[in-house]
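>>> Here's my sequence, what's the structure:
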Amino acid sequence: MSSPAPNTALVVGATGIAGNALSRLLIDAGWDVLGLSRRAASDVSGVVPVQADLTDAAGLRDALGGHRPTHVFITAWARQETEAENIRVNGAMVRDVLEAVRPAGSVRHVALLTGLKHYLGPFEAYGEGNVPDTPFHEDEDRLPYPNFYYAQEDELFAAAERDRFTWSVHRAHTIIGYALGNAMNMGQTLAAQAAVCREEGLPFVFPGSETQWNGVTDMTDAGLLAEQMHWAAITPAAADTAFNVANGDVFRWRWMWPRLAERLGVRPVGYDAAPRPLEEQMAGAAPVWAKLAAREQLREHDLDRVASWWHTDGDLGRDLECFTDLARSRAAGFTGHRSTLACFLELFDRLEEERVVPAPR
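Numbers count the residues shown, from 1 in each chain. Now for the predicted structure:
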């Protein structure tokens, strides 16, 4: 008697932080993995590259024709100038991917990665109105603002009802992990900030708000997120459910910042009177980085491909407390957890080993 065919995953955004970690986990678990990305192929051994632009519906149909994924994991989004454009572009991406795989009739489950803007509101109405109390729970009502996460969910729900597959939504908070070329990564951004500070003899200044410095928060390791997405895809009790996903510990930045600074070889400076955004602190850092990268033989000489100042400023500049309730996934059987400090330290180790950032001397 022949063994059943392996599950086949289509990872949308395979070269991003979440997609890279998920691809690696699925390959290790014996899945066949199709890695969809616009440019470079995944660096995870065994992933079959599928090249397509997520904003090109016809190109998606051509690229995915002939493939028969059993599971689709959507981990990508494209930032636009307005929330109306975010809704149009990112909602269409979900719809067009699911339309492109529909002819095969093979899909059994679709997982969608979103985040805490589900509870906090979109960029244009961030933190306005009646934001839910922390910790955020998955059954909170949607906020009364247009939000591209809601648009993506609605496209997912409509396709699931039409095509009879199960779904899961994963609401992560500030994902950190390894993905070369993906700059929207707080861990990588802070490592780059520290490298510039060491080079220039500057202190490592916390860029964010007083609320973030003193308040309780949490984060999501990409490896843990991958574990939850895999678990939800194969666990009947997790079907048709939205889950928060975070490491399971909470911390305050006033505790975390000096510990990161010690590892990165810089002098920590905390919040003092007002936020000091990285976009301002690092305004002239590009030539410093280029010189540093050449001397240290780093893999990337373009600072914009290593660090995303605006993205980390957005996370650390919030003027409200942010952390999530994890009871729903635990009750359903997902018990994965991480130490956030350990995740940062492990990421710094790998970034240095891979010559993405220089090690402290």
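
>>> quick one: secondary structure of Asn182?
Following DSSP: H, G, I helix; E, B strand; the rest coil, the label given to Asn182 is coil.

>>> And the helix ranked longest in the chain, what does it pack against?
Longest helix of the chain, by residue count under DSSP state H: helix 83-101. Using 3 or more Cβ pairs under 8 Å, 6 or more residues apart in numbering; DSSP states H and E, the elements in contact with helix 83-101 are strand 8-12, helix 57-64, strand 71-74, helix 148-163. Heads up, the C-betas are built off the backbone N, CA and C, glycines and all.

>>> could you pull out the helices for the protein?
Remark: helices assigned in the chain by DSSP H are 17-28, 57-64, 83-101, 117-120, 148-163, 186-200, 210-214, 222-234, 253-264, 278-281, 285-296, 309-316, 327-332, 340-353.

>>> Out of the ones you listed, flag the one nearest His170.
helix 222-234 (5.7 Å; Cβ to Cβ).

>>> Report the mean confidence score over the closest one.
When pLDDT is averaged over helix 222-234, the result is 98.

>>> can you pull the buried residues of it?
222-233 (16 or more other Cβ atoms under 10 Å).

>>> Then stretch 197-210?
Result for stretch 197-210 [16+ other Cβ under 10 Å]: buried residues 197-199, 202, 204-209.

>>> For Leu190, give its distance to Tyr271.
Per Cβ to Cβ, to the nearest Å, Leu190 is found 15 Å from Tyr271.

>>> The residue lying closest to Leu60 once chain neighbours are set aside: neighbour count?
Excluding the flanking residues, the one nearest Leu60 by Cβ to Cβ, 6 or more residues apart in numbering is Ala100, at 4.2 Å. For Ala100, the neighbour count with other Cβ atoms under 10 Å is 23.

>>> show me what contacts Ala100?
Ala100 makes contacts with 57, 60-61, 63-65, as judged by Cβ atoms under 8 Å, 6 or more residues apart in numbering.

>>> Return stretch 71-83 as CSV; C-alpha atoms alone will do.
Extracted in CSV, the C-alpha atoms of stretch 71-83 (Å, rounded to 0.1, in the frame of the first residue of the first chain):
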residue,chain,number,x,y,z
HIS,A,71,-2.3,24.6,2.0
VAL,A,72,-1.8,28.3,1.3
PHE,A,73,0.0,30.5,3.8
ILE,A,74,-0.3,34.2,3.1
THR,A,75,2.5,36.1,4.9
ALA,A,76,3.0,39.1,2.6
TRP,A,77,1.6,42.6,2.4
ALA,A,78,2.5,45.8,0.4
ARG,A,79,2.4,49.2,2.1
GLN,A,80,0.6,51.9,0.2
GLU,A,81,0.3,55.7,0.7
THR,A,82,-3.3,55.7,2.0
GLU,A,83,-5.5,53.1,3.8
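
>>> Now it: buried residues?
Buried-residue list, stretch 71-83, by 16+ other Cβ under 10 Å: 71-78, 83.

>>> likewise stretch 134-150?
Per 16+ other Cβ under 10 Å, stretch 134-150 contains these buried residues: 134-136, 138, 143, 146-150.

>>> With stretch 322-331 instead?
Buried, per 16+ other Cβ under 10 Å, within stretch 322-331: 322-326, 328-329.

>>> Name the spans of this structure whose pLDDT lies under the cut-off.
Confidence mapping of the chain against pLDDT under 70 gives the ranges 1-5, 127.

>>> For it, which residue occupies the most central location?
In the chain, the residue lying closest to the centroid (Cα atoms, centre = their mean) is Ile175, at 4.3 Å.

>>> What's opposite it in the beta bridge?
With DSSP bridges as the criterion, Ile175 is bridged to Thr220.

>>> can I assume it is in contact with Gly16?
No - look at Ile175 against Gly16 with Cβ atoms under 8 Å: they stay out of range, at 9.0 Å.
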